[in-house]
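>>> I'd like to go over a predicted model; first the sequence, then the structure.
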Amino acid sequence: MSDTILILGACGQIGTELTLKLRKLYGNTAIIASDIREGNTELMQSGPFEILDATNKEKIVEVIEKYAISEVYLMAAMLSVTAEKYPQKAWNLNINSLLHVLDLAKDKLIKKVFWPSSIAVFGTTTPKQHTPQITVTEPTTVYGISKLAGERWCAYYKSNYGVDVRSVRYPGIISWKTNPGGGTTDYAVEIYHKAITDKFYNCFLTENTRLPMMYMDDAIRATIAMMQATLPIHFFSYNIAAIDFTPKEITAAIQKRVPGFKVAYSPDFRQQIADSWPQSIDDTQAKKDWNWQYEFDLEKMTDVMLNSLKKKYNS
Ligand code: AKB
């Protein structure tokens, strides 16, 4: 591959692992990482890095010209919990960064764009189980509103200007390398850390709150598969599913491996966000169009999470 790729928001939870994976696939110098602050040592030392604010169009253009970028993965975003605290900032980051990148693709400065959407586009009026690809989308959160608007902008730029933009709706993403920040599904990462460090976790959701989730490796595979797909892209954005579980079920999976681990429940304002989202997702369309299939179930993910975090804390 001779294309050079720019990752905006490369130091976040997904951006970090996406950058490392793309560097493995296409070579370190072909993947330019960027963010408003530096990332972890592995990311910083494995290839080029630029300090870059995703809302600054002029600076994005400078970096695109400097490295002759042809593809952009726009991973910078404010997630559900933080966006409720800073609605204007969230809208500015989540939407203006997207409009900048779509404009650059429209003006032929870049050829292809990846932009992640989320299960947050769904709301309380959406069917909760096996939520279909096309259904009611009436999000009640600032984050969900920005993701739904983003999906519509992507569809608009594709149909009116022929922009090649691709997207999937991420569920909660679970990983051990980089912590998530500001999300409602973050409890499912924190719980693994606390199982190892404290053998106790105080969960901010009720024990029976079921949400769609996915292990990081599956999310990265879905992202890259979507960008590599040669079939026409029909949907903005594709539902992708893996596992769904409740705090009680993930606790039981951890307790099998960490005897004596205890969880208390103190639901807070984040419960309302979780209650507005689906419990499970129907990804038939992604399976049909680009052969999407997840690999990590709750047991396999719990093994990897606990083993990797134990090593991390011991070193
Ligand atoms: C969040 O919890 O805000 C995100 C998401 C589901 O998009 N992880």
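Happy to help now that I have it.
>>> stretch 261-268: which residues count as buried?
261, 263, 265, 267 (16 or more other CB atoms under 10 Å). Where C-beta positions appear, they are placed from N, C-alpha and C, glycine not excepted.
>>> repeat that for stretch 106-118.
In stretch 106-118, counting by 16+ other CB under 10 Å, buried: 109-110, 112-118.
>>> end to end, how far does that stretch reach?
Terminal residues of stretch 106-118 are spaced 24 Å apart (CA to CA, to the nearest Å).
>>> average pLDDT for it?
For stretch 106-118, mean pLDDT rounds to 98.
>>> mind checking how far that stretch is from the chain centre?
Distance, stretch centre to chain centre, for stretch 106-118: 16 Å (CA atoms, centre = their mean, to the nearest Å).
>>> follow-up on the earlier one: a markdown table for the buried residues of stretch 106-118, including secondary structure and distance to the ligand?
Listed next are the buried residues of stretch 106-118 as a markdown table, based on DSSP: H, G, I helix; E, B strand; the rest coil; distance: CB to the nearest ligand atom, whole Å:
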| residue | secondary structure | distance to the ligand |
| --- | --- | --- |
| 109 | coil | 28 |
| 110 | coil | 25 |
| 112 | strand | 23 |
| 113 | strand | 19 |
| 114 | strand | 15 |
| 115 | coil | 13 |
| 116 | coil | 8 |
| 117 | strand | 8 |
| 118 | strand | 3 |
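>>> and the buried residues of stretch 261-268, which is closest to the ligand?
residue 267 (15.2 Å; CB to the nearest ligand atom).
>>> identify the residues contacting the closest one.
Going by CB atoms under 8 Å, 6 or more residues apart in numbering, residue 267 touches 203-206.
>>> buried residues, the longest helix along the chain. List them.
Taking DSSP state H as the criterion, the chain has its longest helix at helix 142-161. Judged by neighbour count (16+ other CB under 10 Å), helix 142-161 contains these buried residues: 142-151, 153-155, 157-158.
>>> over to stretch 194-211?
Of the residues in stretch 194-211, those buried (16+ other CB under 10 Å) are 194-196, 201, 203-205, 209-211.
>>> out of those residues, what pair is the most spread apart?
196 and 210 (24.5 Å; CB to CB).
>>> hmm, back to that, adding distance to residue 54, pLDDT and secondary structure, write the buried residues of stretch 194-211 out as a markdown table.
Converted to a markdown table, those look like this (distance: CB to CB, whole Å; pLDDT from 0 to 100; DSSP: H, G, I helix; E, B strand; the rest coil):
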| residue | distance to residue 54 | pLDDT | secondary structure |
| --- | --- | --- | --- |
| 194 | 31 | 98 | helix |
| 195 | 34 | 98 | helix |
| 196 | 33 | 98 | helix |
| 201 | 33 | 98 | strand |
| 203 | 32 | 98 | strand |
| 204 | 28 | 98 | coil |
| 205 | 30 | 98 | coil |
| 209 | 31 | 98 | coil |
| 210 | 32 | 98 | coil |
| 211 | 27 | 98 | strand |
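>>> residue 266 contacts residue 201, doesn't it?
No. Counting by CB atoms under 8 Å, residue 266 does not reach residue 201; the two are 10.6 Å apart.
>>> do a quick rundown of the helices in this protein.
13-26, 41-45, 57-67, 80-85, 87-91, 97-106, 142-161, 187-197, 216-228, 247-255, 270-275, 284-290, 298-314.
>>> so which of the ones you listed comes closest to the ligand?
helix 80-85 (3.2 Å).
>>> for that closest one, buried residues please.
Those would be 80-84, for helix 80-85 by 16+ other CB under 10 Å.
>>> contacts for it, please.
By CB under 8 Å, 6+ apart, helix 80-85 touches 90, 94, 118, 120, 141-144, 146, 181-184, 186, 269-270, 273.
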